[in-house]
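Novice: Just to be clear, the model below is a prediction. Sequence and coordinates:
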Amino acid sequence: MLTIYHNPRCSKSRGCNTMLIDLGKEAKVINYMKDHFTEESLSEVIKKLDIQPIKLVRTNEAEWKENFKGKDLSDQDIIKAMVKYPKLIQRPIVVNGDKAAIGRPLEAIQAIL
């Protein structure tokens with residue numbers, strides 16, 4: 001079963017959810033704004049995405065600019081920042097087994113289906 005890490009306020013997240021339904025794919029939907037990632041769970045998703053943690057950060061968000069921009073942060077520091085401020089996490093994220101993709105653009109999800 002697929003898992004979508006979803007922010008219902010995000011049009012891309014809503015569009016991804018609709019796309020999966022239209023494709024007949026059943027997915028477990030996790031609103032990560034309410035059901036927060038832990039450092040361990042976010043690290044696991046990042047591993048499945050096969051990216052550096054900074055690639056998952058929405059660097060234009062106020063929380064990033066005010067608290068982290070320009071600082072020398074380790075990968076673990078970046079993960080901690082995303083756990084503390086989940087709004088910083090790129091969305092949507094779809095996980096399919098040991099693979100994951102960020103749905104920006106939504107077509108990126110199709111590569112892991």
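Specialist: Ah, there it is. Source: prediction; values computed, not measured.
Novice: what ranges do the strands span in the protein?
Specialist: 2-6, 27-31, 93-96, 99-102 (DSSP state E).
Novice: In JSON lines, list those strands along with mean pLDDT, distance to residue 85 and mean neighbour count.
Specialist: To be clear about C-beta, it is placed using only N, CA and C from the backbone, and glycine gets the same treatment. Formatted as JSON lines, the strands of the chain follow (pLDDT from 0 to 100; distance: least, CB to CB, whole Å; neighbours: other CB atoms under 10 Å):
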{"stretch": "strand 2-6", "mean pLDDT": "94", "distance to residue 85": "15", "mean neighbour count": "22"}
{"stretch": "strand 27-31", "mean pLDDT": "94", "distance to residue 85": "16", "mean neighbour count": "15"}
{"stretch": "strand 93-96", "mean pLDDT": "97", "distance to residue 85": "16", "mean neighbour count": "23"}
{"stretch": "strand 99-102", "mean pLDDT": "96", "distance to residue 85": "17", "mean neighbour count": "20"}
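Novice: now the ones you listed as TSV including distance to residue 111?
Specialist: As requested, these are exported to TSV (distance: least, CB to CB, whole Å):
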stretch	distance to residue 111
strand 2-6	13
strand 27-31	16
strand 93-96	10
strand 99-102	6
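Novice: quick one: which of those is nearest residue 54?
Specialist: strand 99-102 (13.0 Å; CB to CB).
Novice: That closest one - contacts with which helices or strands?
Specialist: Counting contacts by 3 or more CB pairs under 8 Å, 6 or more residues apart in numbering; DSSP states H and E, strand 99-102 packs against helix 39-49, strand 93-96, helix 107-110.
Novice: So for residue 68, which of these sits nearest?
Specialist: The closest of the helices and strands packed on strand 99-102 to residue 68 is helix 39-49. By CB to CB, the value is 15.5 Å.
Novice: That closest one to strand 2-6, inter-axis angle?
Specialist: 120 degrees (axes from the mean of the first three to the mean of the last three CA atoms, to 10 degrees).
Novice: What are the contacting residues of helix 39-49?
Specialist: 5, 37, 52-53, 55-56, 76, 79-80, 82-83, 89, 93, 95, 98-102 (CB atoms under 8 Å, 6 or more residues apart in numbering).
Novice: Fine by me, thanks again.
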